[in-house]
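Trainee: sequence and predicted structure below; questions after.
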Amino acid sequence: ASSAAQAPKNAILVSHRQKGNPLLKHIRNARWTYADIVPDYVLGQSSCALYISLRYHLLHPDYLYYRIRELQKNFKLRVILCHIDVEDVVKPLHEVTRTSLLHDCTLLCGWSLEECGRYLETIKVYENKSADSIREHMDNDYLSRLTHALTSIRHVNKTDVVTLGSSFGSLSQVMNASMEELARCPGIGERKVKRLHDTFHEPFKRVS
Amino acid sequence: MLPFEEQVVADLLEDPNGGLVVVSCGLPVASLASAVLLQLFHQSPDDGCFLILSAPEPVKAQIRRRLLLNSQSQPPLLQLQVHDVAPDLPAHHRVALYASRAALFLSPRALVADFLTSRLLPSRVRALLLLSAHRSSDTSSDAFVARLLRHHHLLPVYAFSDRPHAMVSGFAKAERAMKSLYIRRLHLWPRFHLLAAADLERSPPEVIDVRVPMTQPMRGIQAAILDAMDACLKELRRTNKVDVEDLTVDKGLFKSFDEIVRRQLDPIWHTLGKKTKQLVADLRTLRKLLDYLVRYDAVTYLKYLDTLRVSEGVRSVWIFADSSHKIFDLSKRRVYQVVRADGTKVAADNKGTPTKKRKVARASSRKGKETENEGSSDNKDNTQKVNAEMGIVVEEILEEAPKWKVLRELLQEIAEEQAKGDGDNVNPVHEDGINESGIVLVACKDERSCVQLQECISKGSHQVMRAEWEKYLLGKAELHGLHRKNKKTSQQLKGFGVLDGEVPMRSGESAGPVSISKVEANALLAAASEISTVTKEANLADDSNVSCKKRSFGKGKGKGKFKKTMAKREASKLRNRNTTEHTDLEVEGQSGKTDEQAETDACKLSAEDDSASAPAVDKAANNLSAFGDSVDTEPLPPVQFYALDSDQHVLDVWKPSVIIVYHPDITFVREIEVYKAENPSMKLKVYFLFYEDSAEVQKFESSIRRENEAFESLIRQKSLMMIPVDQNGRCIGPTLANEPEALLSQNSLTRKAGGRKPLEKEMQVIVDMREFMSSLPNVLHQKGIRIIPVTLEVGDYVLSPLICVERKSIADLFQSFASGRLYNQIETMVRYYKIPVLLIEFSQDKSFSFQSASEIGDDVSPTNIISKLSLLVLHFPRLRIVWSRSLHATADIFLSLKTNQDEPDESKAMRVGVPSEDGVVENDVRAENYNTSAIEFLRRLPGVTDSNYRRIMEECNSLAELALLPVERLSELMGTQKGARMLKEFLDAKCPTML
């Protein structure tokens, strides 16, 4: 644990209520410190989190609602971090989902304390990160780009991509290959041939 | 129709509520279905239309043919029409068809949508026929249709299946399927049923079982593969995660083995280590290898292995096992051998001369020594040096598939017999009329084998092998050229070392194979360049001035005899390569293109050379009636080739008198039996070609055993089955529907004092057309929600004017995170709806978790799903996430979210997110009108973005067309020059080859 003397600016603020939560052991990639705060965790300028375990929710079904009500509207991102620690999840999870959805909270589920801790860390660490890594983007490597494109067709696997590429020479050749030529490739069966051919030769819009 | 079929139909029609018929595979479902249709139709011809769901294409064709045959003898009023209701048929046409009294083929998806939009009135439907009942379950769309129809109108449902083994997978599958289809009666008609057996065995065809011994290396490979499979299975058992009983090598031969394993492992998939997952994948690969061993020729097999080594790479467990080394080694030895040339190199024209064959013995001993040298890495340099000094030669062995020879002999034998037998029919070969006693049908597994066998017979098997071999060599050489250049210019394309067939090895002890593969690669290259030098000299006089046009012209001239063409073709290709190696990049691009053109030209050429024999290959059967130019002109009977994969029923069409089953298959055997029973007067001789002691035999035999077991289990199930019925003896359908309702009422009781009666009527959800692929609409409907199908631009479900849901299954979630599509989808949803919801839906029978604890790792890694979700949440704080355990849980959540919300507006929801320049989308434009897989493909191409893909789709008809557009036109379409260039470069980039 880090000391409270550190500047709280780049640390996760942890409410005193959370003292003794074994989750804290798993926050290793970000600093954290206790502070007097309303939510369980403050993860940045405008984001906070409440922690709830499903087992606790089953014992105290109203707890979550009161905690959310306390939060008021001070944070843009309000995360409910739900630890799934019961076998029969459907009913309690349904209730938690409903409560968080109706009260403008974002629900995140973790199946282990480690996973829950990782969510907290990540949100803190990524506080100012751009969304580039989840936006459309591709590896620059030719083969992986080719694989990415061709595997969008169902049942086409990596081996087939290599087969197609090496038998036709280039993607445009593959796209203009006839059924017959496609069928000659080892490992490409009747169904794949048809699917490939349809994808390339059927018009985008089937409206006549 | 055979007597037993009539009995089946009579039994089925006895119950006015319909029933489920399960027959052995290969027995005629189509003729049963059409008999049912006709009987019903003639009982009362004016009673509405028949809906036929999920009929596979060949069955459709058969039903159509049978109905047509029948209607010829009927007055026009009593003719049953058949129509195919394609999903893209305009709405008013469909309405007209629904109003007719025809038999209609449709996909359940389209039907559900039509039904929900009341284009189809349930009272108009006379009966519902399902032709692949093994696919039905309580959440499948067939069941949805059945429920929709039965809800309004009590009509009979007739279901058929010819996959008994699929009906017994899972717990009480047959019973549950029947309940969900509202069927009470189960009729089982195995092949061993007394009536069926009697009919089929009354005048059996003459069967000759030909056992072909496999060659030594083939046997070796098979043993090695089985070893590897066994090892994988043992390993899998050791994980203690699967039920051992089911896992035998015998079962491992079937595709359904994967299902068994997956079903056991899916719920705990996230807890499995990488190794176990890889084992499962490896088993699949090995099964394929075993299958291809008897289907592909030696060279193609080797080629496939090479490909596999590239794509599987270092991940596979089995690839490093001892037995896999044997697999690679032996399959190589079936094709070529690396030998040391003594003293001077042998003259370059030595390919194929008999002197080579003599060296084989010595070569293998030499090879043995080399393998001894493996192990110490010091020796590596040593051997290489020696190789450089002595020179090594590749000598080809080109083992032919033993069945080829047998097939040829059989054909000759048949020809002789025919010549003896029909003295009156002097020349059956050149007579194209379907003479009943003339045709020989050769049935193989796939189209590829058909083509190859055909070539074997027309050109001689040696030619075929040689052609494959030369292709292989040239491919290797080409790759090498590319490889070298690539090293020089850029490392843009990584992984070329792997592509060369050299798996990077880390440990010292695995250095041996590397050195050997290097030696071999060198030798192969040498062999390739030998070909090239020979042909180069031969053609030097032809044209010394090399230009693109001239080259292709030169080839055009070569349209003479086959051998010459071959030589020239190779020569010109090689010349291409040689010249390009010295020129700069741009020229390379150009000539690369012509190179490919040359290849396609060559293909065409050889096709022409095939004499008149090759009509379009995409036809199911290839006619090979004339042998004018064949290498040796022995009399052969007219031969038809038939690919079993194409699933067409050709027996009735070709009416063969001799059938050679090249790849034995139980379904086809049954078809032959039925065909023979239907034509008892006809003489029919059937040859089975089996490889002796092969997995092929084993597979065939265990497929029979498996089917019998399935039927036994079904018979047992039938005796214990409990189908609830109402007072009138009608099946009341799935009990499942009652259970969730209890939950619903319990929920609503706590919130709404009035109970839920009015609630059911009001509730409606707008569902995107594309979502009908999933079962969620079905389940929602089960809960009493009205489903309104429309095409949505934003989101998948609109629950209220405020709430819009994007549904992602786990696989979808990972995929669309990777592609970045999810970001865009959420972005638009956030833009247009106050409460945008991302629904993460887990599958009921899979684990409820993202990843195993070991996958979380120690650090925050940007590729982890946690990081991606966190990032998404950070960027869209308004996004709500729903985590749902199963379909049913989702439906419950939807219900509870909808309380206290207004009902969504259909027309509003449809307009959301549709760009104004597109104009308002019309009501009947549907998801099916788009080639979705093409669009997905398009959007994954570099340079194609969200802003320009629509325009590309509009201006360009298909992907094939797009691939040919010049870069100027592309930049016009895409709006950016950079993007256009990027796209064009990607499309035309030379693929790394490794043939």
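Mentor: Received it, and whenever you're ready, just let me know what you need.

Trainee: surely residue A:107 forms part of a strand?
Mentor: Yes: secondary structure of residue A:107 (DSSP: H, G, I helix; E, B strand; the rest coil): part of a strand.

Trainee: any idea how far it is from residue A:117?
Mentor: From residue A:107 across to residue A:117, the span is 17 Å (CB to CB, to the nearest Å). The way it works is simple: take the backbone N, C-alpha and C, and place the C-beta from them, glycine included.

Trainee: do residue B:401 as well
Mentor: When residue B:401 is compared with residue A:117 (using CB to CB), they lie 60 Å apart.

Trainee: higher neighbour count, these two?
Mentor: When residue B:401 and residue A:117 are compared for neighbours, residue B:401 comes out ahead with 28 against 24, by other CB atoms under 10 Å in any protein chain shown.

Trainee: residues in contact with that one?
Mentor: B:294, B:297, B:298, B:461 (CB atoms under 8 Å, 6 or more residues apart in numbering or on different chains).

Trainee: mind running it again at 6 Å?
Mentor: By CB atoms under 6 Å, 6 or more residues apart in numbering or on different chains, residue B:401 lies in contact with residue B:297.

Trainee: how about residue B:449?
Mentor: Contacts of residue B:449 (CB under 6 Å, 6+ apart): residue B:295.

Trainee: double-check that it belongs to a helix.
Mentor: Yes: membership of residue B:449 in a helix is supported by three-state DSSP.

Trainee: how far away is it from residue B:217?
Mentor: Relative to residue B:217, residue B:449 is positioned 20 Å away (CB to CB).

Trainee: again, but for residue A:92
Mentor: Distance, residue A:92 to residue B:217, using CB to CB: 62 Å.

Trainee: over to residue B:299?
Mentor: Going from residue B:299 to residue B:217 by CB to CB gives 13 Å.

Trainee: can you check residue B:990 too?
Mentor: Here the criterion is CB to CB. By it, residue B:990 lies 34 Å from residue B:217.

Trainee: likewise residue B:296?
Mentor: Separation of residue B:296 from residue B:217 (CB to CB): 14 Å.

Trainee: can you pick out the residue with more neighbours from the two?
Mentor: residue B:296 (23 against 19).

Trainee: any idea which helix or strand comes after the worst-scoring helix or strand of chain A on mean pLDDT?
Mentor: Lowest by mean pLDDT, DSSP states H and E among the helices and strands of chain A is helix A:142-150, with a mean of 83. Per DSSP states H and E, helix A:142-150 leads on to helix A:158-168 as the next helix or strand towards the C-terminus.

Trainee: show me what the mean pLDDT comes to for that following helix.
Mentor: In this model, helix A:158-168 carries a mean pLDDT of 86.

Trainee: ok, residue B:210 - how many residues close by?
Mentor: Residue B:210 has 16 neighbours, counted by other CB under 10 Å.

Trainee: which element is it on?
Mentor: Secondary-structure element containing residue B:210, defined by DSSP H and E: strand B:206-212.

Trainee: name the residues of that strand that are buried.
Mentor: Using 16 or more other CB atoms under 10 Å in any protein chain shown as the test for burial, strand B:206-212 gives B:210, B:212.

Trainee: packing partners for it?
Mentor: helix B:402-421, strand B:685-691 (3 or more CB pairs under 6 Å, 6 or more residues apart in numbering or on different chains; DSSP states H and E).

Trainee: sheet partners, orientation included, of that strand?
Mentor: Strand pairing for strand B:206-212, determined by DSSP bridges: strand B:685-691 (parallel).
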